[in-house]
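In: coordinates for the following, if possible.
(one chain, ligands or ions: 2)
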Amino acid sequence: MSNEKPHATGTVASGDTSKRVGMETLRERGIDPIELREKLIDAIGAEFTTYYYYTNLRMHLAGNEDYKEITEDARLEDRAHFELVVPRVYELGGQLPNDIREFADRASCPDAALPEDPAPENVLTELLEAERCAIRTWSEVCDMTEGIDRRTYDMAQRILQEEIEHEAWFIELLSMERDGNVNPAGHFIRGEPGDAPLSTNRRFNESA
Ligand SMILES: [Fe+2]
Ligand SMILES: [Fe+2]
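Out: Numbering: from 1, shown residues only. Ligands and ions are numbered 1, 2, ... in the order given. Down below sits the predicted model:
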């Protein structure tokens, strides 16, 4: 008679901490959890480096307080995106690269570096293209996980919604700054800077 307890699931024996049902169920449904996990590390590498680069871009929008404020929301929301997905890397048996240089190098989007000519229209173009890269990345994660890995999908689709908002913000600002065109994003401001209404992790010590 088997010692295995009735709640042992699939290929993971009762009490076996070397395997994860949360990964095996993905394999059974056709996703390689390791491939997904490594893609998530690349994606949050881009969120983390973009958060860093946006800090510098925002500083160089001095004198355009409306641009600064909107860039600040996008900047802080990238940090929220990083933090939302970090636990998923560990749940999928991975970890962050120990070397931050390796982490930055594998980011799935180019560095959002300050343009040589940091005129507002050039900074806004940099911001816009960074958002577009993020939309492509999180759309790919949604495609990989939809209907299979509900947890990753839920995270990715919430981030994707905010990235789509960010693109619209910078289209509005760049259209006016560069072309004098009204091209509304349908947006005003977040309630709090970097509110991340869909992607923020629950705050520690938050009262109910
Ligand atoms: Fe982001
Ligand atoms: Fe963004």
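
In: drop to CA atoms for contacts and neighbour counts, all remaining ones
Out: Fine.

In: burial of Glu65, as a residue count?
Out: With neighbours defined by other C-alpha atoms under 10 Å, the count for Glu65 comes to 11.

In: and it, how far is that from ligand 2?
Out: 19 Å (C-alpha to the ion, to the nearest Å).

In: and this protein, which residues reach ligand 2?
Out: Glu131, Glu163 (C-alpha under 5 Å from the ion).

In: center of the chain - which residue?
Out: Residue closest to the mean C-alpha point of the chain, counted by C-alpha atoms, centre = their mean, is His81 at 3.8 Å.

In: for that residue, give me the pLDDT.
Out: Per-residue pLDDT puts His81 at 97.

In: OK, contacts around it?
Out: Ile44, Glu47, Ile159, Ser199, Thr200 (C-alpha atoms under 8 Å, 6 or more residues apart in numbering).

In: next up, the contacts around the residue in the chain that ligand 2 sits nearest to.
Out: Per C-alpha to the ion, the residue of the chain with the smallest distance to ligand 2 is Glu163, at 4.4 Å. Applying C-alpha under 8 Å, 6+ apart to Glu163 gives the contacts Glu131, Arg132, Ala134, Ile135.

In: in TSV: those, plus pLDDT and secondary structure.
Out: Output for the contacts of Glu163, formatted as TSV (pLDDT from 0 to 100; DSSP: H, G, I helix; E, B strand; the rest coil):
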residue	pLDDT	secondary structure
Glu131	98	helix
Arg132	98	helix
Ala134	98	helix
Ile135	98	helix
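
In: hmm, back to that, helix, strand or coil for the residue of the chain closest to ligand 2?
Out: With DSSP: H, G, I helix; E, B strand; the rest coil as the basis, Glu163 sits in helix.

In: per-residue pLDDT, it?
Out: Looking at Glu163, its pLDDT is 98.
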